[in-house]
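Student: What would the 3D arrangement of this be:
(one chain, ligands or ions: 1)
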Amino acid sequence: MKVILVALYILLFAPFSWAQQHLDNRAPTGFDQLQANIPHGQIDTVEYYSKTVGTTRKALVYIPPGFTKKEKYPVLYLLHGIGGDEYEWLRNGHPQVILDNLYAKGKLKPMLVVLPNGRAMKDDRAVGNVFDSVKVQAFANFEKDLLHDLIPFIEKRYPVYKDRKQRALAGLSMGGGQCLNFGLGNLDEFAWIGGFSSAPNTKVPNELLPDSEAAKEKLQLLWISCGTDDNLMNFSKRTHDYLDRHNVPHIFYVEPGGHDFNVWKNDLYMFSQLLF
Ligand code: FER
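Tutor: So this is what the prediction gives:
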């Protein structure tokens, strides 16, 4: 009798609990819908001088609701894709709405989110052939701009922590490749790293992470995600396989969807809650 009851229980409730768990692992409906009756963060536009590029460059900064200069905040640097610029996340991903909604539910640590322009060249607009090799190279040049120009600027301008454990780096596609390359290449600067649907600019694994012991010791979070219908999946998969082989703790989050903002908005929702 007991065996029958247990079997019945599994039959009735196992699919339900699986579905439930599955749903809990995705952003709920409405997560990206503007709510009028909750506190809202603020978006600053800042300009910083880049020694790397030799020009003044723009970035946007999301300041969380309840921000006060009396506190100190950790910072997430959130990078765009090959066809984007500092406005791409804002235009297509509405991160401020996603984050406001998470704050309203008490699900997020107070943090600043910086949206830079990751194409470190004099004309950094996403015009003409965005796949041009000079423009693609500019995405690699951004490592110096980020480390030596933008981060020091943000840390002077805002009341933020300045240590690696309070600094996160995540991005989509070209920005995902940048984050894995720059983050894993500079473990003394970043402890929280996310690559969403990372592009072919992602270094091959043994160049990306020659010293897996350092990563094991220093990383607080390494997140790699990709949609099942994304043609760039193999760049995430080969990184994940390498990390597995070298026993580097990480999250490999595979989700329904392609190479688009439905996936990246969900990634931001999931990833940001794990930070700090
Ligand atoms: C490529 C395919 C896609 C590539 C970059 C991308 C540099 C980037 C896509 C994106 O950022 O959305 O071959 O080469």
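Student: what are the bridge partners for the closest residue to Gly175 other than its chain neighbours, then?
Tutor: Spatial nearest neighbour of Gly175, excluding adjacent residues (CB to CB, 6 or more residues apart in numbering): Leu79 at 3.0 Å. All C-beta atoms are positioned from the backbone trio N, CA, C, and that covers glycine. Assessed by DSSP bridges, Leu79 has beta-bridge partners Gly171.
Student: residue contacts, Leu79?
Tutor: Neighbouring residues of Leu79 by CB atoms under 8 Å, 6 or more residues apart in numbering: 116, 118, 169-172, 174-176, 178-179.
Student: run the last query once more with 6 Å
Tutor: 118, 171, 175, 178 (CB atoms under 6 Å, 6 or more residues apart in numbering).
Student: What's the separation between the third one and Asn37?
Tutor: To tie it back to what came earlier, the one meant is Gly175. Distance of Gly175 to Asn37, given as CB to CB, to the nearest Å: 33 Å.
Student: Ok, the first one next?
Tutor: Taking CB to CB as the measure, Gly118 and Asn37 are separated by 35 Å.
Student: I'd like to know which of the contacts of Leu79 are buried.
Tutor: Among these, those buried by neighbour count (16 or more other CB atoms under 10 Å) are 118, 171, 175, 178.
Student: can you pull out the helices in the chain?
Tutor: Ranges of helices in the chain, per DSSP state H, are 2-24, 88-93, 95-104, 133-144, 151-157, 174-185, 205-208, 212-218, 233-245, 261-272.
Student: Could you list every helix and strand that the third one packs against?
Tutor: This points to helix 95-104. Applying 3 or more CB pairs under 6 Å, 6 or more residues apart in numbering; DSSP states H and E, we find helix 95-104 packed against helix 261-272.
Student: Only alpha carbons, please: show the helix it packs on as PDB.
Tutor: The C-alpha trace of helix 261-272 is given here as PDB (Å, rounded to 0.1, in the frame of the first residue of the first chain):
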ATOM      1  CA  PHE A 261      17.000  40.500 -26.000                       C
ATOM      2  CA  ASN A 262      14.300  38.100 -24.800                       C
ATOM      3  CA  VAL A 263      17.300  35.900 -23.700                       C
ATOM      4  CA  TRP A 264      19.500  38.800 -22.500                       C
ATOM      5  CA  LYS A 265      16.700  40.400 -20.400                       C
ATOM      6  CA  ASN A 266      16.100  37.000 -18.700                       C
ATOM      7  CA  ASP A 267      19.900  36.700 -18.200                       C
ATOM      8  CA  LEU A 268      20.100  40.100 -16.500                       C
ATOM      9  CA  TYR A 269      17.200  39.100 -14.300                       C
ATOM     10  CA  MET A 270      18.800  35.800 -13.200                       C
ATOM     11  CA  PHE A 271      22.400  37.000 -13.100                       C
ATOM     12  CA  SER A 272      21.900  40.200 -11.200                       C
END
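Student: which parts of this structure sit against the ligand?
Tutor: 81-82, 136, 173-174, 199-201 (CB under 6 Å from any ligand atom).
Student: Just the closest of the buried ones among the contacts of Leu79 to the ligand, please.
Tutor: Gly175 (6.9 Å; CB to the nearest ligand atom).
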